[in-house]
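Chemist: Provide a 3D model corresponding to the input given below.
(chains A, B, C and D)
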Number of protein chains: 2
Amino acid sequence: MAKRATATAASARTETGDGTLRQFVGYNLKRAYMAILDDLHRVLGQHNLRLATFSALALVSDNPDIAQGELAQALSVERSSVVVIVDDLETRQLVTRNKVLGDRRAYALRVTLKGRQLLDRLQDEIAAHENRFFGQLSAAERATLVGLLNRVEGAAADAA
Amino acid sequence: MAKRATATAASARTETGDGTLRQFVGYNLKRAYMAILDDLHRVLGQHNLRLATFSALALVSDNPDIAQGELAQALSVERSSVVVIVDDLETRQLVTRNKVLGDRRAYALRVTLKGRQLLDRLQDEIAAHENRFFGQLSAAERATLVGLLNRVEGAAADAA
DNA sequence: TATTGTTATACTCTATAACTATA
DNA sequence: TATAGTTATAGAGTATAACAATA
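Modeler: Numbers count the residues shown, from 1 in each chain, chains lettered A, B, ... in the order given. So this is what the prediction gives:
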């Protein structure tokens, strides 16, 4: 099928073909996701945050008094993994573990002022990050992209 | 900001809000990707293949006589990681390591007949997998999605 | 008995660094 | 000196399983 430059001394370097994989939407999806991930990690890394930790912070902010188990579900990780994440956020005083009236087993997580401020700054920085990669797309195109992605996600949720 | 059902005994379980994250295209991108990944892993797992191993097989098929270092680049992993992957493919007689005329350090990788046959079957199975998630999208919509994803990937390549 | 959070441990995947044999 | 592939090791991230406290 595919031709390939033989590895002679004077070979002009050919691009590696990936046509077989390109036929799959999922491959294109992964490539696009991976392509932006390094830069996102760099942005978060400047604040010593992992993606999961940032996501947890945002989720706690959106869901005051969320329990760790619920957070685990939202993050699609095990409860034991959430312990590590919340430990980190709590140590850095970005979220607090609060007593729940009526259930002394559970914690109600809340963002601190410091956490909110960090989140505000991060939202700006991530918006800038996104402009570097999605900036070429018009607002309408970005909306189309998100709409299609959400339909894919919805199809997965239906299947489950 | 966001309201949240208090954890009373009779609380109707509220969906966890993720509005802060949803504003980012990248989050929607990751969600869609993660949503299809479990099913893809299941399909590949039936053949005892990891995603990276399958991708390597497809890339070797598209690029006869590719070297391991080139494969590493195409897979975005280190050469040492490719050794493990190719070891697996070679042990299972799906690809062969062949001598390169003119450079006795390098290998030229080729898919075997067995590898090609497995790849053919996998392409069908993955196409079926994709229909489960992208089937709701029309062919035009799928093309639009891929086009937008590729522009994002291209923007990343330009930035690098 | 079931559930929440915790701990200790194991597993998967990948990177890093040092090595060999070639170039 | 540099490069292709290899090996051994370490690290990051997550899951699993057993546990204490509480429901």
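Chemist: Out of the helices and strands in chain A, which is least certain?
Modeler: The least trusted helix or strand in chain A, going by mean pLDDT, DSSP states H and E, turns out to be helix A:139-159, with a mean of 95.
Chemist: Grab the nearest non-local neighbour of the spatially most central residue of chain A.
Modeler: Of all residues in chain A, the one closest to the mean position by CA atoms, centre = their mean is A:L51, 5.6 Å from it. When the adjacent residues along the chain are set aside, A:L51 lies closest to A:L44, with 6.2 Å between them (CB to CB, 6 or more residues apart in numbering or on different chains). Heads up, the C-betas are built off the backbone N, CA and C, glycines and all.
Chemist: How about A:V111?
Modeler: For A:V111, the nearest residue in space outside its immediate sequence neighbours is A:S61; the separation is 4.6 Å by CB to CB, 6+ apart.
Chemist: DNA strand D contacts on chain A?
Modeler: Chain A comes close to DNA strand D at residues A:50, A:52, A:76-78, A:80-81, A:84, A:102-105, as judged by CB under 7 Å from any atom of the strand.
Chemist: now, which of those sits nearest A:Q23?
Modeler: A:S76 (27.9 Å; CB to CB).
Chemist: give the contact list for the residue nearest to A:R22 when sequence neighbours are not counted.
Modeler: Once its chain neighbours are removed from consideration, A:R22 has its nearest residue in A:N28; the separation is 6.7 Å (CB to CB, 6+ apart). Contacts for A:N28 were tallied using CB atoms under 8 Å, 6 or more residues apart in numbering or on different chains; they are A:22, B:145-146, B:149-150, B:153.
Chemist: With neighbour count as extra columns, can I get those in TSV?
Modeler: Written out in TSV, the entries for the contacts of A:N28 read as follows (neighbours: other CB atoms under 10 Å in any protein chain shown):
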residue	neighbour count
A:R22	15
B:L145	24
B:V146	20
B:L149	23
B:N150	14
B:E153	20
